[in-house]
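1. Dropping a prediction and its sequence here:
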Amino acid sequence: IPVLRFPDGQLLTQSIAILEWLEESRKGHVPLLPADYMQRAICRQIVNIIACDIHPLQNIPLIKELILRYSLIPDDSTPPTDVKHPVRRRFMRRGFVSLETLVAQSSGTFTVGDEVTLADVFLVPQMRNGIGAGIDFASEYPTLQRVWNNCIEHAEIRSTLEMCGGIPQNVEIKAP
């Protein structure tokens, strides 16, 4: 869980709360929330779809527990050996279908318009996870693929991805 510790010892947890606090408390930075109220609401809608609907149900610890504790093995009885577990992909796809529809209406260069927003900050890691899980965004979610391509060309986003190990997320889970 991300934690922001303040000099007085107070702690703030959860990504959305931390990022919105940073957005609202720091003056003179490039804003991550659009100025337009409707675009701001759509940005927050996208953030919540990712943070509440996609991310929790595809977290590696959850999938590992499903595999190890409940013997959740795909129909073909082949133990999954990596993050490409069908349950993980199912829940990712369910969220990405919603995002594809929404982002097709809200996007410009990026998720909401032509500037990087908080929605892109949340989208990039989930797209990275989806690529690692074997989702073919180009054929399944072309709008998200286009936005992803623009995001990874953005200098700050690219350098952050490189610091975090590159674009695909390669994690291996050993089944029993």
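-> Yep, it's here.
2. And the strands in this protein?
-> For the chain, the strands defined by DSSP state E cover 3-5, 11-13.
3. and the first one, what other elements does it pack with?
-> It refers to strand 3-5. strand 11-13 (3 or more C-beta pairs under 8 Å, 6 or more residues apart in numbering; DSSP states H and E). For every residue, glycine as well, the C-beta is placed using N, CA and C.
4. hmm, back to that, quick check: which of the strands of the chain is nearest to residue 22?
-> For the strands of the chain, distance to residue 22 was read as C-beta to C-beta. The smallest value, 8.0 Å, belongs to strand 3-5.
5. Would you pull up how far the closest one lies from the middle of the chain?
-> Here strand 3-5 is found 20 Å from its chain centre; the criterion is C-alpha atoms, centre = their mean, to the nearest Å.
6. In its sheet, which strands sit next to that strand, and in what direction?
-> strand 11-13 (antiparallel) (DSSP bridges).
7. low-confidence ranges in this structure?
-> Along the chain, segments meeting pLDDT under 70 span 1, 71-84, 168-176.
8. what are the ranges of the helices in it?
-> 15-25, 37-48, 60-70, 86-106, 118-132, 137-140, 142-153, 155-163 (DSSP state H).
9. would you list those helices in a markdown table and tack on mean neighbour count and distance to residue 9?
-> Formatted as a markdown table, the helices of the chain follow (neighbours: other C-beta atoms under 10 Å; distance: least, C-beta to C-beta, whole Å):
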| stretch | mean neighbour count | distance to residue 9 |
| --- | --- | --- |
| helix 15-25 | 14 | 16 |
| helix 37-48 | 17 | 28 |
| helix 60-70 | 14 | 28 |
| helix 86-106 | 18 | 36 |
| helix 118-132 | 22 | 27 |
| helix 137-140 | 13 | 43 |
| helix 142-153 | 18 | 36 |
| helix 155-163 | 12 | 28 |
